[in-house]
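Peer 1: sequence and predicted model, in that order:
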Amino acid sequence: MESHEEPEAIAPPPDALPPPPPEIPPNVVPVQLTTDTVPEETKKISKPKRSPITRRGVGSRGQKIQLVTNHFKVSISNTSGHFFHYSVSLYYEDGRPVDAKGIGRRLIDKVHETYGSDLAGKDFAYDGEKSLFTIGALPRNKMEFTVLLDSFSSNRNSGNGSPVGNGSPNETDKKRIRRALQSKTFKVEMSFAAKIPMHAIAAALRGQESENSQEALRVLDIILRQHAAKQ
């Protein structure tokens, strides 16, 4: 009996290019899609509508009771201006990035205290890390400051035990602590990042869609947190 074996398919090499597309016949004119030719269904899918959750009303059933909460009312008198978002970078005197926790607010407060006239009297809303907000723009899109703190120590390095677990810092920890205590001069950089309209907050409270709603509410949250921390 004769055996009929099908030829084994040879797989193309992994770096082989796909076959070229077929040529367009000379009597065919390609159709160019524009926003006018895209179906409405496709537009709706590509741009989903996202709106803040609004309160639909007050309760009307059950028994009324009085509650005491830690909330308070906040009103916005001026919604015609803009928040300006600046990216903050902090460095030691030798150029190393500052990685110590809790030092950012002290540095920004020192910048505001020392360079108030250079900042056009602007107040800051600072999240303690990389973002700082002002009402209205700073004099320049990028500003650099040198500040000197009277005393500085890193919470991250303080109290770290050695790897063997005997509770005393090892030589690496000692060097880090010594270096942190000696680093009293810092460099602060502020670079313009974005412009946020204040009316986005009022729009969010009314439940209206706005591309800046989330960022504007974040600024408001930072302002309230900062104000509460200073009380």
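Peer 2: Thanks, I have the structure now.

Peer 1: name the residues that touch the helix or strand where Gln214 lies?
Peer 2: In this structure, Gln214 sits in helix 213-230 according to DSSP states H and E. Here helix 213-230 makes contact (C-beta atoms under 8 Å, 6 or more residues apart in numbering) with 52, 74, 83, 85, 125-127, 131, 133, 194, 196-198, 200-201, 203-204, 210. Yep, even glycine has a C-beta here, placed from its N, CA and C like the rest.

Peer 1: how many neighbours does Pro22 have?
Peer 2: By the criterion of other C-beta atoms under 10 Å, Pro22 has 6 neighbours.

Peer 1: so what angle separates the directions of the lengthiest strand in the chain and helix 213-230?
Peer 2: Longest strand of the chain, by residue count under DSSP state E: strand 185-197. With axes from the mean of the first three to the mean of the last three C-alpha atoms, to 10 degrees applied, the angle from strand 185-197 to helix 213-230 works out at 130 degrees.

Peer 1: now do strand 185-197: which elements does it pack against?
Peer 2: strand 82-92, helix 103-114, strand 131-135, strand 142-148, helix 213-230 (3 or more C-beta pairs under 8 Å, 6 or more residues apart in numbering; DSSP states H and E).

Peer 1: coming back round to it: hmm, which of the contacts of helix 213-230 are the buried ones?
Peer 2: Buried members of the contacts of helix 213-230, scored by 16 or more other C-beta atoms under 10 Å, are 83, 85, 125-127, 131, 133, 196-198, 200-201, 203-204, 210.

Peer 1: out of those, who's nearest Leu67?
Peer 2: Of all these, Leu67 sits closest to Ala204, with 24.7 Å by C-beta to C-beta.

Peer 1: A helix includes the closest one, no?
Peer 2: Yes - according to DSSP: H, G, I helix; E, B strand; the rest coil, Ala204 belongs to a helix.

Peer 1: helices and strands of this protein: which one bottoms out on pLDDT?
Peer 2: helix 40-46 (a mean of 55; mean pLDDT, DSSP states H and E).

Peer 1: give me the angle between the longest strand of the chain and helix 103-114.
Peer 2: With the same axes, to 10 degrees applied, the angle from strand 185-197 to helix 103-114 works out at 90 degrees.

Peer 1: how about strand 185-197, which residues are buried there?
Peer 2: Result for strand 185-197 [16+ other C-beta under 10 Å]: buried residues Phe186, Lys187, Val188, Met190, Ala193, Ile196, Pro197.
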